[in-house]
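Engineer: Return a 3D structure for these sequence lines:
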Amino acid sequence: MTPGKRNLITDVPGILVGNATDQTLKSGSTVLVSDKPMTTSVSVMGGAPGTRETDLLAPDKSVAQVDALVLSGGSAYGLDACSGVADALRASGRGFKIGPAIIPIVPGAIIFDLLSGGDKAWEENPYRALGRAAYDSAEEAFALGSVGAGTGAMTAMMKGGLGSASLEFPDGTVVGALVAANPMGAVTTPGDRHFWAAPYEIDGEYGRLGPDPAAGLGTAFESRKSTAMLERANTTIAIVATNAILSKAQCQRVATMAHDGIARACVPAHSPGDGDLVFAVSTDAKPMTHPERDLAMIGHAAAVCLSRAIARGVYLAHPEPDDLLPTWSQLNA
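Structural biologist: Numbers count the residues shown, from 1 in each chain. This next block holds a predicted model:
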């Protein structure tokens, strides 16, 4: 397996991603959409999720496919970004059709960034417009770091961010990950330099520093974030995607396996104050040759991509005025 040509989730054919960023607000939204409905499921392992329409993604529920997925800042307010995306989809005639009615299916998840600074004294919820703007900007190439849903993200010790990564199999199967990394945990070992995800790095995509040579890691926990904010101001939300043809149940298994990528990149992970969640998407384009074995490898690749995406999002975060935490680049200048 090697990274796709962009090393982004959009290496999965048909997938587009758009970001809308408001640095005055210190928040934003990110939208993933395809040229046709996507088979999708979800796995929620954090103790404090904020979601829209995730119950619908269980394998036993009636709607098999979705029209778009949203990752957003803004806590509960950010779920309104899904409404902006639904407006755009309806205007283009996309959605679940019941007689003359069109109902776009747009599940979403949010991170808590309401205490990350910025002007939060709005009179009208800004996230509906951010969702629509993110949808309208969707394309194959998109920025990472302090953009979209990652704008106000913070890890335990430094700014978080929006990350993405991909892997391509020799047979043409592609797997990618997209993440807004805002965990309670740290993404670097003590000293702020080495990423927990270092063993999974490819081609120096987050600094080429390698694993921390120290022993006894993980026995203590320090958090600049909890000093500056509140313990529950956390969550890592992600989407993993593949062009392999998967059922909803198989997507759910891939989403569950992909959570290993969060645990390998964030220490600790899946805490009571995190809303850790992974959507898994299939564009239903490529049949699996050996379904059980291929599904296992797709889930494994999703976890590897997700670890790399988390580290990339933090590595590429950039400083902005009035940030509460430094970026990785500032700490390692």
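
Engineer: from here on, contacts and neighbour counts on C-alpha atoms
Structural biologist: Will do.

Engineer: Now D322. Its backbone dihedrals?
Structural biologist: Backbone geometry at D322, expressed as degrees, to the nearest 10, gives phi 70, psi 20.

Engineer: Check it and give its pLDDT.
Structural biologist: D322 carries a pLDDT value of 89.

Engineer: now it: how far from E168?
Structural biologist: 40 Å (C-alpha to C-alpha, to the nearest Å).

Engineer: And the two? Which one has more around it.
Structural biologist: E168 (20 against 10; other C-alpha atoms under 10 Å).

Engineer: Provide the count of other residues in contact range of the closest residue to the more buried one other than its chain neighbours.
Structural biologist: What sits nearest to E168 in space, not counting adjacent residues and going by C-alpha to C-alpha, 6 or more residues apart in numbering, is V174, at 4.4 Å. Number of residues near V174 (other C-alpha under 10 Å) recorded here: 27.

Engineer: what sits against V174?
Structural biologist: Taking C-alpha atoms under 8 Å, 6 or more residues apart in numbering, we find V174 in contact with 4, 11-12, 166-168, 242-244.

Engineer: now swap in G28 and tell me
Structural biologist: By C-alpha under 8 Å, 6+ apart, the neighbours of G28 are 19-22, 72-74, 127, 130, 147-152.

Engineer: Tell me the one among the contacts of V174 nearest to P183.
Structural biologist: S166 (21.3 Å; C-alpha to C-alpha).

Engineer: Can you get me a residue count around that closest one?
Structural biologist: Residue neighbour count, defined by other C-alpha under 10 Å, stands at 31 for S166.

Engineer: now the one 10 residues further on
Structural biologist: Burial measure for G176: 33 neighbouring residues, criterion other C-alpha under 10 Å.

Engineer: And it, which helix or strand is it part of?
Structural biologist: Assigned by DSSP states H and E, G176 belongs to strand 174-182.

Engineer: For that strand, what does the pLDDT average out to?
Structural biologist: Averaging pLDDT along strand 174-182 yields 97.

Engineer: Show me what whichever helix or strand comes after it is in contact with.
Structural biologist: Downstream of strand 174-182, the first helix or strand assigned by DSSP H and E is helix 224-228. With contacts defined as C-alpha under 8 Å, 6+ apart, helix 224-228 is touched by 154-158, 184, 324-325.

Engineer: can you check stretch 44-64 too?
Structural biologist: Residues contacting stretch 44-64 (C-alpha under 8 Å, 6+ apart): 39-42, 75-76, 79, 106-111, 232, 235, 248-249, 252, 259, 269-278.

Engineer: Appreciated, that's everything.
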